[in-house]
Structures are given as structure tokens and as C-alpha cells.
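S.K.: Quick one, fold the following:
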Amino acid sequence: MARSTPRPAARHAARVEATLASNAPARSALAASWRRSSEHHKLDPAADAAPHRLGEAELRDHRDAMGPLLHAARPSLDRLYQAVGGSGCCVLLADSNGVPVDRRGASVDDPVFRGWGLWTGAVWDESSVGTNGIGTCLIEHRPLTIHRDQHFLAKNASLSCSAAPIWDHDAKLAGVLDVSSCRADLADGFVDLIRLALADAARRIEAEVFRLAFPDARIVLAENGGLLAVDRDDLIVGASRAARQELGLTAERLGTPLPARDLLETGRACESLDHAERAVLTRALARAGGNVSAAAAALGISRATLHRKLKRDPSVRPSRAN
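M.R.: Take a look at the predicted model:
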């Protein structure tokens, strides 16, 4: 009697089990996720259950909890879909529970993606469906791609999912941006392009969320792309996750007054009162186009007082006599 060929699900399950029986999880982030799926979440790689889907009322609660982030993300979702949608991909924005709350996709592909659970209201946390783009990104706090048979469940082995975390203005994980495809001919080179577009969209969303959180502050770009919110007294009132990592800012340090110049201009000597006054006068004159009368009015002092200050400090000069 001829030996029967194992079904794809059985072959995938055997591969997962063989990997877990080896010491691979100690060396591989993917294998470690498979082990979490098997041992911690008690999932079966051959299981054929579809992702759990929330009802409309529950989904509405998840959307409401996203707050301003959901609104801030929409232009970036549109732009990202324009970049990848023509290749049969859909774009998902999931919350910190692994539930997509917004998506972009071609209407012709909607029945396919809905069948896979790549839809708003589906639950893609790792404890429910094992290793996957959204759920594993939430666990590992890093951009990643789970490509085809890297998924824990055999039923998801036709999917390619790239995901990036979204951090809010307090450096808390607020959600995940995901691009998913079920096309068998998705080239590896295009997957790399998806990752680049995804990273750019995630940065744009985080920047917009940060600006909305500090509407009255000046937003300063740190050297490696982090954002600082600075108030009118030059004190830092907020820092993005990237800025906190770059500048070594902890929540405790941000809880005390911290001048932006002291943080950004390393090696600068401590400023004096005379230096601070000189800076104020220089800015006032610049804003007034060098007009002493207008600068004095803006500073709330008389023209004669401003002239005395300018005479005392020759380094500050109006651009024209008046």
C-alpha cells in the first residue's frame, strides 16, 4: 500500500514540534514565539479555528479607547495603502489588544481578507492565534515580518504580515500598524519595500499623535528623529519614545523642570542673567524688524529703557536707527 502524503497542516505542525523539541527557541525570536504559543497559550499549530471576532458594540468601545490616535492615523493609513494596495495588500491599524480598529483594502479583495480575519474586530493577539504580525509585534515591541509558514497556525501559513508598533506621546505602546497579504507570488523584494513604507507611516502617526498631545508647545526634532515638546520657558514638557531612548530621559527626569538647551546643547557653559536678557532683546528686535519702538512696546518697557539696555550691551544692535 502506498504511503499517504501528510496534509500541509500536519507537516507544518510536525515542523513546529520538531523546532520546539530542539534548542532553537534559545537562539531564535521566531522559535521563542512558537514556544509561547504552544506552552504558554496552549495552542495547537494544526487548529483550524478562525480568529475570534468582536461584536459591533465591543468594536466601538475599542475604537473609542484609541482616542485621538485613530483620527491622527487616517492620512498615514491612506498614504500607506496607496503605496502597497495595488499589490493585493491590506492595511490594518490594531489597538494594544491586537484588535484591528481601522483598515484599508480593495473592495474586490474584501471577501478574501474578511475570510482570513484580516478585518476590523478580529482578535489577533498572540494568545489567541499564536505567532502573527500584530500579536507578536505587541509582545516583542519591535517591527517584524511573519512570512507565510513562520506563522504558528498552519491555517495562516499563506499570509505574509509585516507590523510596526505605534507609541503614544507618553512612550506607551498604543497599537500596531500592519500590512498583510495572502498572495503566493509576493516577492521578497516587495516585502522589503513594505517594511520601509510601514516604518515611515508608523513614524508619521507617532509624530502627529505627539503634536496633538502638546498643541501649545514648540516641537523640537532631536538628532536621531526623536521629538521633544518645549514650552515658552524653554522647559521640556514631553518627549517621544525615540527621544527618551536617544537622550536617556526617564519618566522621573521628565517629571522635574528640564531646560531644553541644557539637554540639547552639551558642553555649553551655564548661561548668566545678562546672557538671558541679551537673548530676549535680540529676539524682540528681530521680531520687530529692528524697530526699537516696536520692540520696546512688545517687551512692555519704554523706548528710553530699551535704548539704555542697548547702550549697556553693545553686542545687541537694532538693524536700523529709529
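S.K.: Could you tell me the average pLDDT over the longest helix anywhere in the chain, please?
M.R.: Looking across the chain with DSSP state H, the single longest helix is helix 188-213. For helix 188-213, mean pLDDT is 93.
S.K.: right, and the helix or strand after that helix?
M.R.: strand 218-221 (DSSP states H and E).
S.K.: Buried residues, that next one. List them.
M.R.: Buried residues in strand 218-221, counted by 16 or more other CB atoms under 10 Å: Val220. Any C-beta I mention is one placed from the backbone N, CA and C, and that applies to glycine too.
S.K.: Return the distance of it from the chain's centre.
M.R.: 17 Å (CA atoms, centre = their mean, to the nearest Å).
S.K.: Contacts for that strand, please.
M.R.: Phe210, Arg211, Leu227, Leu228, Ala229, Val230, Asp231, Ala260, Leu264 (CB atoms under 8 Å, 6 or more residues apart in numbering).
S.K.: same thing but at 7 Å, please
M.R.: Arg211, Leu227, Leu228, Ala229, Val230, Ala260 (CB atoms under 7 Å, 6 or more residues apart in numbering).
S.K.: Buried ones among those?
M.R.: For these, buried by 16+ other CB under 10 Å: Leu227, Leu228, Ala229, Val230, Ala260.
S.K.: From Glu206, how far out is the second one?
M.R.: The spacing between Leu228 and Glu206, counted by CB to CB, to the nearest Å, is 13 Å.
S.K.: and if you look at Ala199?
M.R.: From Ala199 to Glu206 the distance is 11 Å (CB to CB).
S.K.: Between the two, point out the one with more neighbours.
M.R.: More neighbours surround Glu206 than the other of Ala199 and Glu206, with 28 against 14 (other CB atoms under 10 Å).
S.K.: Quick check, Leu263 in contact with Glu246.
M.R.: No: counting by CB atoms under 7 Å, Leu263 does not reach Glu246; the two are 10.4 Å apart.
S.K.: The residue nearest in space to the middle of the chain pairs with what?
M.R.: What sits nearest the mean C-alpha location of the chain, by CA atoms, centre = their mean, is Ile166, with 2.8 Å. Ile166 has the following beta-bridge partners by DSSP bridges: Gly175.
S.K.: show me what contacts it?
M.R.: For Ile166, the contacting residues are Ala174, Gly175, Val176, Leu177, Ala202, Ile205, Glu206, by CB under 7 Å, 6+ apart.
S.K.: which among the residues you listed gets closest to Ser22?
M.R.: Val176 (29.5 Å; CB to CB).
S.K.: Can you name the residues that contact the closest one?
M.R.: Ala94, Ile134, Cys137, Leu138, Ala163, Ala164, Pro165, Ile166 are the contacts of Val176 under CB under 7 Å, 6+ apart.
S.K.: Please state the offset of whatever helix or strand the fifth one lives in from the chain centre?
M.R.: So that's Ala163. According to DSSP H and E, Ala163 maps onto strand 160-167. Centroid separation for strand 160-167 versus its chain: 9 Å, with CA atoms, centre = their mean.
S.K.: Likewise for stretch 291-299?
M.R.: The chain centre lies 44 Å from the centre of stretch 291-299; the measure is CA atoms, centre = their mean.
S.K.: what residues does it touch?
M.R.: Ala284, Leu285, Arg287, Ala288, Ser302, Arg303, Thr305, Leu306, His307, Pro318, Asn322.
S.K.: so how far is Arg303 from Ala295?
M.R.: 9 Å.
S.K.: Report the spatially nearest residue to Arg261, omitting neighbours in sequence.
M.R.: Once flanking residues are discounted, Arg261 sits nearest to Asp234: 6.1 Å by CB to CB, 6 or more residues apart in numbering.
S.K.: what's the one you found in contact with, if anything?
M.R.: Pro259, Ala260, Arg261.
S.K.: one more time with 10 Å
M.R.: The contact partners of Asp234, by CB atoms under 10 Å, 6 or more residues apart in numbering, come to Arg218, Pro257, Leu258, Pro259, Ala260, Arg261, Asp262, Ala276, Ala279.
S.K.: Settle this for me: the second one is touching Leu235, isn't it.
M.R.: So the one you mean is Pro257. Yes: taking CB atoms under 10 Å as the definition, Pro257 is a contact partner of Leu235 at 5.2 Å.
S.K.: between these two, which one's more packed in?
M.R.: Neighbours per residue (other CB under 10 Å) separate Pro257 from Leu235, with Leu235 holding more: 15 against 11.
S.K.: does the more buried one have beta-bridge partners, and which?
M.R.: Under the criterion used (DSSP bridges), Leu235 bridges to Pro259.
S.K.: ok, so what distance separates it from Pro259?
M.R.: On the measure of CB to CB, Leu235 and Pro259 end up 6 Å apart.
S.K.: can you check Val91 too?
M.R.: 41 Å.
S.K.: what's the burial count for the nearest residue to Trp116 once chain neighbours are set aside?
M.R.: Distances taken as CB to CB, 6+ apart put Cys182 closest to Trp116, at 6.1 Å, once the chain neighbours are dropped. Using other CB under 10 Å, Cys182 has 20 neighbouring residues.
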